[in-house]
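Chemist: sequence below, structure please.
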Amino acid sequence: MNPVSFFTRRVMPFLILAFALTGWAQQPVQVLHGHVLPEITNGQVQFVAHLPSTQKLYFSLVLSLRNEAELHNLIQDLYDPSSPNYHQFLNTEQFAARFSPTPEDYQAVVDFVRAKGFTVTSTPDHRLTVSALGTAAQIEDAFNVTMNVYQHPTENRLFFSPDREPSLPAGLPVTYISGLNNFSIPRPALSRSNSVVNAAGSGPGNSFLPNDIRVAYYGGSSMTGSGQCIGLAEFEGYAISDVAETLSYDTSPASYTSNGPNPNYILTYTVPNGGGTFNVPITNVLLNGGTVNEYVNDPNPYAPAYEAEVVLDIAQAIGMAPGVSQIRVYIVPDAWTTSGNYEFPSNSDDAAIFSQMAADSCSQFSISWNWRPEPQNLYSNDSIFEKMIASGQDLFAASGDYGAWSPSIFVYPEEDAYVTAVGGTVLTTSAPGGSWVSETAWPSSGGGISPDDVPLPSFPYYQSGLNGVNGASTVYRNGPDVAAEGNSDYYCSLGSCSETGGTSFAAPRWAGFMALVNQQDVANGQPTEGFINPIIYSAGLSSSYSTYFHEVPGCDLKNVHCATKGYSLVTGWGSPVGSGWFPYPPHLAQTPYVSNGGFTMNGYNSATWWFTLQDATPGATIYYQGNGCEGYTNSSTYPGGTIYITCTGSTTPSPSGTMYANAPHYVPSATSNW
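Modeler: Just a heads-up that it's a prediction; the model follows:
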C-alpha cells in the first residue's frame, strides 16, 4: 500500500475534522435548545441515513427580544382600559426601536449567515428573524450538527433532524432555529366525519354557504370589511377556480382575473339577495419556495385535503367580509421532497410565515393548520406573537377536530397564549340564508386544558377570572376562546365540490367578522380592536355576556368536556351576536374623557357647564363632583356629543372640579379632570 495515499485518504480527513473542532472549541459558543427530540438522544427512533449533503432546506433564525419586562408591561397597558396606553398600538418601526435587537446586532446575525454560504431570503423590518436557504452540508458546518433521516415512530413516513442541539458563536442574539426538524408537520383542521345534520343551509344537503354564516352572525349589510386586510396562513397552493366555484353556488358566478406576479388575483363576488358585487384583491405571499399552484402531483398522501383547506379559508373570509380591501395568502410549501431514496415533508419553518405576518399591516389573521412542536420548543414563536399583539394584530387559530385536547393530538398554535383559539358549533338558522335560531357544540370541536402545560397568560392577564368554571384550569392555558359554525359546509377542491366540517371553517369566519368590527372602529374614529382575548373574557364574565355571545351547550366526542353556562372547554365563550357587536363592540372602550369644556354664567347663582364626551357609547352615565356646583341638574344617560349640566347654588359657580364618565361596556367609573 502506498503510505502517502493511505495517509491522504484515511488520516487527513480526521486531522481536518480535529482542527475544525478545535477551532469551534477555541471560540466562545452558545448551545441552543429545543431542536432535538428526546427519542433521538435516547436512541428510541430508528436511524435511517445521513441526510444527503446537497439537500436544500429553508430555515429561520429567531432572535431574542430586548427590554422584555418593559414589553410585557406595555402589552398589559395596551389592553388595560384604565391605562393611557390603551390601544395605542406600535407600528413596526416603533416596536423594533424599543424591543428588537439593535441594527448592529441584527446585522451581525445576517453577516454570520452569509459568511456560512447561505442565501438570505428575508430580513423583515421588525428584526426578529433572519430567514435563509442552504444545503444540509452548510447547516452541519454552520451549527455543528449532523443532519440525519429517521423513521417516524407513529406515522408511516420519514423525518429529518439534527443529531444534537445546534451551536453558534456566542454573542449572536439567536434563541431558536426554525426549520431544522420536521418531526411534526402542519395538518389542516378539516374534518371529513362526525358531522351532525343541521337545518337550513343554502347549499347541497342543507350545508352552509359562506354568506349563510355572514347573515347568521352579522345580519347587517353596512359593514363589509372595507379598508381591512385579512391574512391567511397556508401550507399548500390552490386553484383560484375552486375559490370562485365555492362562492358561486347560490349567486351570480364569481369570476377572477390575474393581477400582477405570483400570480395575484382580483376575485369578483356577488353577495346573494342583492348584497352587492365586490372586487376582492387576493395577494399571494410566497415564502420558502411556495407556489400558488396546487401540488396535484405531490406524493404527500394528504395533498387533496391541503388544497381544500386553502380554498375554504379564502372563501369563508370573503363570505363574511365581502368588501375586504385585501386577502393576503401566505404560502409556505409542504410538498414532499425526494432526497436520494427518501421522501419526506421538505419544509418545517413555521417562523417564516408568522414573521412575515408580523411584518405586514393586516389587523386579523387566520390559521387552520395544527402541529405539535417539541415541548421545549413551544414558545419559540412567542416573540413574534408578542410583536403582533403589540401592533394590534390578532391570529385566529382553529382549535382542532379531534375533541378534547390530549398529548396525542396536534394543538399548536391554538394552545399558545397569544392567539385566539376558535372552536366549532352546530348551527340552526330560520331558513336557507336565514337568521340565527340556535347552536350546540360540534362534538369534534377541539378544546381543553393545554396538554403541554402552557401557563395562563400573564400579559395581558385575561383568563384568571375563570376560577375553574366548567373544569377550566386556574394554572394552565384553556381553550378554545370563541367558536363558530363548523359542522356541515360546502366547498370545492381540485375541480369537484362536497360538504364537510371542521374548525377550519370557524377560524377564517372569526377573522372576517373582526374585519367588520375593525371597519366599524375606524369609521367611529377609534383604534382597531387588536388582540381580542382580553375583551372577550371581560365581556364573558360580565352581566352583559348574552349581549355579545350565543351560549352554546353540548359535549365533545367522549364527553370529556361539556358546554354549559358561560365559558366551556368545547366552544369557549360561544359564537358572536352581531347585534351586540354593532354598532359598538365590547371593546372595553377607551377611558371616557371630556374635551372642549367651558361654562356659561346664567346669572349670579346659576351656570351651565358644557363639554364633549369623547369615546362614549349610547348609555354613558355622566356625573360631576367638585367645588362650585352645590346643586346641579342632569339626566342619567347621554348619547355622546356635547353634554350640558346646569349648576345652581347660593354662591357663584366656579369652573373647577372633575367630570366622571361611566361607559356601559365594562369600563369602571373613569375619572377625567376638566
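Chemist: name the helices or strands packed onto the helix ranked longest in the chain?
Modeler: Ranked by number of residues, the top helix in the chain under DSSP state H is helix 503-523. Using 3 or more C-beta pairs under 8 Å, 6 or more residues apart in numbering; DSSP states H and E, the elements in contact with helix 503-523 are helix 210-217, strand 229-234, helix 303-320, strand 364-367, strand 394-398, strand 420-429, strand 482-485. Just so you know, the C-beta spots here come from the backbone N, C-alpha and C atoms, and that holds for glycine as well.
Chemist: looking at those, which is nearest to Gly501?
Modeler: strand 420-429 (6.9 Å; C-beta to C-beta).
Chemist: packing partners of that closest one?
Modeler: Applying 3+ C-beta pairs under 8 Å, 6+ apart, we find strand 420-429 packed against helix 210-217, strand 394-398, strand 436-441, strand 482-485, helix 503-523.
Chemist: residues in contact with the next helix or strand after the last one?
Modeler: If you walk from helix 503-523 toward the C-terminus, the next helix or strand you reach (DSSP states H and E) is helix 533-540. With C-beta atoms under 8 Å, 6 or more residues apart in numbering as the contact definition, helix 533-540 has outside contacts at 79, 420, 457, 460, 462-463, 465-466, 481-482, 529, 545, 547-549, 566-567, 572-573, 585-588, 666.
Chemist: among these, which are in helices?
Modeler: Counting by DSSP H, those contribute 545, 547-548 to helices.
Chemist: can you pull the contacts of Ile327?
Modeler: So Ile327 contacts 229-232, 280-283, 314, 317-318 (C-beta under 8 Å, 6+ apart).
Chemist: re the thing from before, give me the mean pLDDT for the longest helix of the chain.
Modeler: Averaged over helix 503-523, pLDDT sits at 97.
Chemist: how far does that helix sit from its chain's centre?
Modeler: Chain-centre distance of helix 503-523: 12 Å, with C-alpha atoms, centre = their mean, to the nearest Å.
Chemist: likewise for stretch 310-327?
Modeler: Distance of stretch 310-327 from the chain centroid (C-alpha atoms, centre = their mean) equals 16 Å.
Chemist: stretch 461-481 now?
Modeler: 19 Å.
Chemist: that one: which residues count as buried?
Modeler: By neighbour count on 16 or more other C-beta atoms under 10 Å, the buried set for stretch 461-481 is 462-463, 466, 469-473, 476-481.
Chemist: so which of those are in strands?
Modeler: 478-479 (DSSP state E).
Chemist: give the other helices and strands that the one helix or strand Phe354 maps to contacts.
Modeler: Using DSSP H and E, the element containing Phe354 is helix 350-359. Helices and strands touching helix 350-359, by 3+ C-beta pairs under 8 Å, 6+ apart, are strand 56-63, strand 119-122, strand 129-135, strand 174-178, strand 229-234, strand 326-331, helix 382-390.
Chemist: closest to Val310 out of those?
Modeler: Smallest distance to Val310 across the helices and strands packed on helix 350-359 (C-beta to C-beta): 4.7 Å, for strand 229-234.
Chemist: now do the end-to-end distance for stretch 110-119.
Modeler: Terminal residues of stretch 110-119 lie 10 Å apart, using C-alpha to C-alpha, to the nearest Å.
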